[in-house]
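Enquirer: after the sequence you'll find the predicted model.
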Amino acid sequence: MTQLGTRFSGMRLGAALAAAMLAAGLAACSGSGGSSGSGSGSGSIKIGLVFPTTGSMAPLGIAEENAAKLVLDWANSHGGVGGQKIQYFEGDSQSNPATGATVAEQLISTDGVQVVIGSYASAIAQAIAPVTERNKVILWEEGAVSPTVAQGSDPYFFRTVGPAGTYATADLSFLRNYLAAKLGKPLGQLRVAVAHEDGPFGTSVADAVVAQAKSLGVNIVSDIAYPETSADLTPVVLQLKSASPDVLLFTPLVASAPVFWQAAQAQNLNLKAVIGSAGIGSSAFLNKFGAKGVQGVYDVEAPAIATMNAQNLQSQVRSDLNVLLAQYKSQAGVPCLVQCGDALGGTYDLVKYVLPGAVASGSVTPDSIRAAALKANVPTGGTPQGFGLKFSATSGENTAAQSVIMQWQNGALVVVYPTALASAAPIYPMPSWAQR
């Protein structure tokens, strides 16, 4: 069994996957499947994958790449799209924006890809976007959430997950509709602290949180930025203790999440609620601190699809999802949580709702893919992540995407809000360090 942090290699789907029928968009497919990096062939769709599979972001970048490959192989096992096989070519951004841009350029110029799927991190996506735009190639972004990635000026940019503002919307909705009552305070009397890594991701989420909080009259008692590369976040923890917040909204990347949590434990920082993101929602965070160590910590992102309530999904989507989730867990040895879900959901949307339209146009080009993407109008429950799919013609944002609140409960990251996707009720308050 492949452990977390290991890339799927040469993965082909077996007879169990072949038995599952691909839904409407792929129903007419025929022919043999292709594998990554294979020759160009005739009538093929070429996709480049650019994720951080080495470096500090690798634990979550690998999860995204593996999930994207899983769906592409799954599509090929059903004959591809409209009789055309999908060829994919893998590139490692090495957790470095400049490297990501170079790799994307190589995939376009050498391998002739029509789509680049990426990128996990906002800083990396921000570096790749000018490359894909200049070459008039689709950037199909499945993970980065900063609004600065393309800034609405790139006609070839599409983002399947909700941008930073959806994190803030979920945070503030949860504060208003659940945490305020539990804390016994009106929303305007809550003491809320914000702490975040100082890159595009953390800054964009924090800015959105502060802006929405102010519009609702929520008191932000502290707003702390720190470098993601920090080896010790004790100064941040001490500032938070001094501010005495009721709730902490925390936005790290992969590396700083455990650094912060270790400092919080060492300084006995006890809060009623911590809503984290990114590294907080990863299996690596659970593995580092154990089920008791992370019990009760919240996470805001797109849903962890392995543990969300899937009953409201369209029946065919739910059936497809069950097959893919089982295959992922068999390959990775861990459930498909947030980042895996971002790539699995986003790639499924591409092969089911977008590429069939491009193939039907008679010529698969970035322009025909763009046209097909803009025609997609999938209702809530029609994607593996539970939300819909409807792209803005001006920004490329999926206007139907949303973020949710999850919580670590007994070693599982479960969706607790909103109720339509919740698989468990929230646990309150979060245990103190003495109770862990």
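Expert: That came through fine.
Enquirer: okay, now the unreliable bits of the chain?
Expert: In the predicted model of the chain, residues 1-43 satisfy pLDDT under 70.
Enquirer: go with 90
Expert: Along the chain, the parts satisfying pLDDT under 90 run over 1-44, 150-153, 283, 420.
Enquirer: so what are the domain limits for it?
Expert: Structural domains assigned to the chain are 15-162+313-402, 165-301+405-435, following automatic domain parsing.
Enquirer: can you lay out those domains as a markdown table showing mean neighbour count?
Expert: (Each C-beta comes from the backbone N, C-alpha and C, glycine too.) Shown next, in a markdown table, are those (neighbours: other CB atoms under 10 Å):
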| stretch | mean neighbour count |
| --- | --- |
| domain 15-162+313-402 | 21 |
| domain 165-301+405-435 | 20 |
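Enquirer: let's have the ones you listed in CSV, adding distance to residue 307.
Expert: Converted to CSV, the domains of the chain look like this (distance: least, CB to CB, whole Å):
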stretch, distance to residue 307
domain 15-162+313-402, 7
domain 165-301+405-435, 5
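Enquirer: what about residue 312, neighbour count?
Expert: 12 (other CB atoms under 10 Å).
Enquirer: wait, what's in contact with the residue lying closest to it once chain neighbours are set aside?
Expert: In space, and not counting its chain neighbours, residue 312 is closest to residue 381: 5.1 Å by CB to CB, 6 or more residues apart in numbering. Each residue near residue 381 by CB atoms under 8 Å, 6 or more residues apart in numbering is listed here: 312-314, 317, 388.
Enquirer: quick one: residues contacting the nearest residue to residue 185 once chain neighbours are set aside.
Expert: Nearest residue to residue 185, sequence neighbours excluded (CB to CB, 6+ apart): residue 246, at 7.2 Å. Neighbour list for residue 246: 179, 183, 185, 190-192, 271-273 [criterion: CB under 8 Å, 6+ apart].
Enquirer: nearest to residue 168, of the residues you listed?
Expert: Taking CB to CB as the measure, residue 168 sits nearest to residue 192 out of those, at 11.5 Å.
Enquirer: hmm, who's touching the helix or strand hosting the closest one?
Expert: Using DSSP states H and E, residue 192 falls within strand 191-197. Strand 191-197 has contacts (CB under 8 Å, 6+ apart) with 175, 202-203, 205-206, 209-210, 213, 218-228, 236, 240, 243-253, 256, 260.
Enquirer: before we move on, what about stretch 336-346?
Expert: 60-61, 63-68, 70-71, 117, 120, 140-143, 160-161, 281-283, 299, 301-307, 324-325, 328-329, 332, 383-385, 406, 413.
Enquirer: ok, 7 Å please
Expert: 60, 63-64, 67-68, 70-71, 120, 140, 142-143, 160-161, 281-283, 301-306, 324-325, 328-329, 383-385, 413 (CB atoms under 7 Å, 6 or more residues apart in numbering).
Enquirer: residue 224 should be in a helix, yeah?
Expert: No. Residue 224 is assigned strand when assessed by DSSP: H, G, I helix; E, B strand; the rest coil, not a helix.
Enquirer: excluding chain neighbours, what is closest to it?
Expert: Nearest non-adjacent residue to residue 224, counting by CB to CB, 6+ apart: residue 195, 4.5 Å away.
Enquirer: partners of the one you found in the sheet?
Expert: residue 224, residue 250 (DSSP bridges).
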